[in-house]
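S.K.: Provided below for reference: sequence and predicted model.
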Amino acid sequence: MSAVPDLLDFDELLTDDERAVRDRVRGFVDARVRPFIADWYERALFPTELVPELAELGVLGMHLRGYGCPGRSAVEYGLAAMELEAGDSGLRTFVSVQGSLAMSAIHTYGSEAQKKRWLPRMAAGAAIGCFGLTEPDSGSDPAGMTTFARKEGDAWILDGAKRWIGLASIAQIAVVWAQTDDGVRGFLVPTDSPGFVATPIGPKMSLRASIQCDITLTEVRLPSDALLPQARGLRAPLSCLNEARYGIGWGVIGAARDSYATALAYSQTRMQFDRPIAGFQLTQQKLVDMAVEIEKAQLVALRLGRLKDAGRLQPHQISVAKLSNTRAAIAIAREARTIIGGNGISAEYSPMRHAANLESVRTYEGTDEVHTLVLGAHITGIPAFR
Ligand code: FAD
């Protein structure tokens, strides 16, 4: 199902190009994801065969310009994220990790040679990237990372561990953040480097059609040009996270919308007490609350997109969308499941899968608490992180 509530004629706020991108990605999801996702999810399978098709669709590094990247607007990227996540958060997560994290890091902080070597292949889906910031003992507070890169002559030697790193076991290139004598720096680590080991984490109860890994780095020796020259300090990885968080603010609306549409359709045909359950006031209240929240979330996301395209988007504004839209989406997915009753726990219906996925989404790229603290600091002027 992909019915949209559209109480406020949201479409009128979009350009023809934006609607065209959205419809193209929606068509792809309907044809290539929807019929298969329940099976992939149950078997905990990430469909790598879709990677070239996603490249063809123009969603890898979608908002980046030059170096073979699609160069689309922030709003177009957001709409694509929303449609992908209507299929499954795992699919949108792939696009976020590849484009907003790994490619963004190289595009923003890489040397000309690094950009020319990696970005065209990554946009074409011929190379997969991952982004290693989180560690077993350092999540919300990345400043606590202990992975260390030491200089030995011209070479860098990396030692440490990363956890929850999306795509690491199928990636060709890892963007790895490490402490150095000169503060936090970023490195491009080919995943076939001796000493680099990525092990998928499982079994998982969320984002099952998606890969996250533990990484160990044991005396990984890199040439001097593996360093991302423009990335200095934690500000660099945090700026990449902001790119991904922007996409999440849109993406989660897709999961919410698909949950709503599935529940609505079910409620119109499911008969109890001699009438469709959609005819009960209590069911209508649930559906109305969902539709209203989806409309609000879309307006927040679009406002962010317009600000981003104008070059005026601020980090605390991204926190508004990441926090509020994810919170709304998970509530909608859970409520949608109740409308489908017992059948709602079957893999045949999407809301429970979306709800389980959204548990990951509310945790990665800054938890609810972290974004609350970002906004708290912005509003009061008093950081309360520690
Ligand atoms: P912790 O930081 O230990 O937090 C645990 C709880 O404590 C949370 O509720 C948190 O909000 C709360 N908390 C922490 N500090 C405070 C505070 N100051 N005040 C109040 N509450 C606080 N990382 C990558 O680098 N690359 C990836 O590709 C990647 N992909 C991921 C994919 C998935 C599916 C998941 C689950 C995670 C992924 N991550 C990735 C890691 C993710 O970013 C972290 O899980 C996240 O930052 C939270 O860190 P943590 O899990 O260590 O939790």
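M.R.: Arrived safely, thanks for sending.

S.K.: ok, so what distance separates the nearest residue to residue 144 once chain neighbours are set aside from the ligand?
M.R.: In space, residue 144 comes closest to residue 138 once its chain neighbours are excluded; the distance is 3.8 Å by CB to CB, 6 or more residues apart in numbering. Bear in mind the C-beta positions are built from the backbone N, C-alpha and C, glycine included. The gap separating residue 138 from the ligand is 7 Å, by CB to the nearest ligand atom, to the nearest Å.

S.K.: Touching, residue 138 and residue 160? I think so.
M.R.: No. The pair residue 138 and residue 160 does not pass the contact test of CB atoms under 8 Å, sitting 10.1 Å apart.

S.K.: Quickly list what's touching both of those two.
M.R.: Any residue near both residue 138 and residue 160 by CB atoms under 8 Å, 6 or more residues apart in numbering counts here, and that gives 145-146.

S.K.: Looking at the two now, which is surrounded by more residues?
M.R.: When neighbours are counted by other CB atoms under 10 Å, residue 160 comes out ahead of the other of residue 138 and residue 160, with 21 against 17.

S.K.: Now name the helix or strand holding the more buried one.
M.R.: Taking DSSP states H and E as the definition, one finds residue 160 inside strand 155-166.

S.K.: in its sheet, what does that strand sit against?
M.R.: Looking at strand 155-166 with DSSP bridges, its paired strands and their directions are strand 148-152 (antiparallel), strand 212-222 (antiparallel).

S.K.: and the longest one, C-alpha only, in PDB?
M.R.: Presented in PDB, the C-alpha positions along strand 212-222 are these (Å, rounded to 0.1, in the frame of the first residue of the first chain):
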ATOM      1  CA  GLN A 212      25.700  -4.100  10.700                       C
ATOM      2  CA  CYS A 213      29.100  -5.300  11.900                       C
ATOM      3  CA  ASP A 214      31.700  -5.400  14.500                       C
ATOM      4  CA  ILE A 215      35.100  -4.300  13.100                       C
ATOM      5  CA  THR A 216      38.500  -5.100  14.500                       C
ATOM      6  CA  LEU A 217      41.500  -3.200  13.400                       C
ATOM      7  CA  THR A 218      44.800  -4.900  14.300                       C
ATOM      8  CA  GLU A 219      48.000  -3.200  13.200                       C
ATOM      9  CA  VAL A 220      46.300  -2.100   9.900                       C
ATOM     10  CA  ARG A 221      49.000  -0.400   7.900                       C
ATOM     11  CA  LEU A 222      48.000   2.400   5.600                       C
END
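
S.K.: what is the mean pLDDT for that strand?
M.R.: For strand 212-222, the mean per-residue pLDDT is 98.

S.K.: Next: stretch 225-243.
M.R.: Averaged across stretch 225-243, pLDDT comes to 96.

S.K.: For the ligand, what's the nearest residue on this structure?
M.R.: residue 139 (1.8 Å; CB to the nearest ligand atom).

S.K.: Show me what the residue nearest to residue 144 is bridged to.
M.R.: Residue 138 has these beta-bridge partners by DSSP bridges: residue 135.

S.K.: Any figure for the gap between it and residue 162?
M.R.: Summarising the geometry, the distance separating residue 138 from residue 162, computed by CB to CB, to the nearest Å, is 10 Å.
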